[in-house]
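Asker: Everything below, folded, please.
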Amino acid sequence: MTLPPTSEPPVEDEAPLYCHWHPKVETALRCYQCGTPICTRCAHRTPVGYLCPDCYRGRQARFEQARATDYVIASVVSLVGGGMASILPLLGSWWFILFLSPLAGTLLAELVWRLVGRRYGRYLWWIVAGGLVVGALPVLGLTMLRLLGGTQAGWWGLQGLLIWCLHVGLAVGTVMARLRLK
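Answerer: Predicted coordinates:
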């Protein structure tokens with residue numbers, strides 16, 4: 001048995017699409033939200049498709065909920081928390097820092113996030129990370145004094161400086177991972 005041939009309508013050539021923001025760039029992409037033609041340079045990838053720059057900014061603005069007081073709260077809490085967490089490098093053990101510094105960063109980010117009413121802000125993680133670093137600077141000064149003063153000269157003094165840098169890097173990295181909007 002053979003089936004009768006089906007007659008499909010001829011495919012009409014559509015006019016080429018050009019990017020809304022780059023009019024000389026031909027494209028086949030469209031924003032899934034508004035349907036605007038976009039090129040690969042201005043398309044923002046999401047789990048369900050591509051967004052144009054306008055829709056992407058609108059989506060980010062929906063998540064931007066932080067108030068001015070939230071940034072003040074975040075800076076004060078991160079300064080104090082960064083100062084308290086900076087005691088960890090004085091304990092001097094590498095493995096101790098590897099486990100407790102990320103925990104300190106996570107606890108600090110969680111504390112700030114709860115104190116600001118669980119509102120996200122684009123710059124909130126910058127404020128908390130900066131406060132953590134500035135709060136930890138007195139311990140860096142103490143480490144440098146011991147290194148330059150001769151009480152811990154040589155490798156042990158340099159090791160204290162490296163432990164401080166490792167602590168701050170791990171704590172800031174976890175703050176960034178916890179509070180940063182993508």
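Asker: so where is the chain shaky, pLDDT-wise?
Answerer: Along the chain, the parts satisfying pLDDT under 70 run over 1-13, 60-63, 92, 150-157, 181-182.
Asker: Show me it divided up by domain.
Answerer: As recorded under automatic domain parsing, the domains making up the chain are 17-63, 68-179.
Asker: And residue 132, how far from residue 27?
Answerer: 43 Å (C-beta to C-beta, to the nearest Å). The way it works is simple: take the backbone N, C-alpha and C, and place the C-beta from them, glycine included.
Asker: Strands of this structure, start to end?
Answerer: 17-18, 26-27, 29-30, 37-38, 44-46, 49-51 (DSSP state E).
Asker: out of those strands, deepest packed?
Answerer: strand 37-38 (a mean of 24; mean count of other C-beta atoms under 10 Å).
Asker: strand partners of that one, parallel vs antiparallel please.
Answerer: strand 29-30 (antiparallel) (DSSP bridges).
Asker: so which of the strands of the chain gets nearest residue 81?
Answerer: Residue 81 lies closest to strand 44-46 among these, at 33.5 Å (C-beta to C-beta).
Asker: now the strands of the chain as CSV including distance to residue 171?
Answerer: What follows is the strands of the chain, written out as CSV (distance: least, C-beta to C-beta, whole Å):
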stretch, distance to residue 171
strand 17-18, 48
strand 26-27, 43
strand 29-30, 40
strand 37-38, 39
strand 44-46, 30
strand 49-51, 33
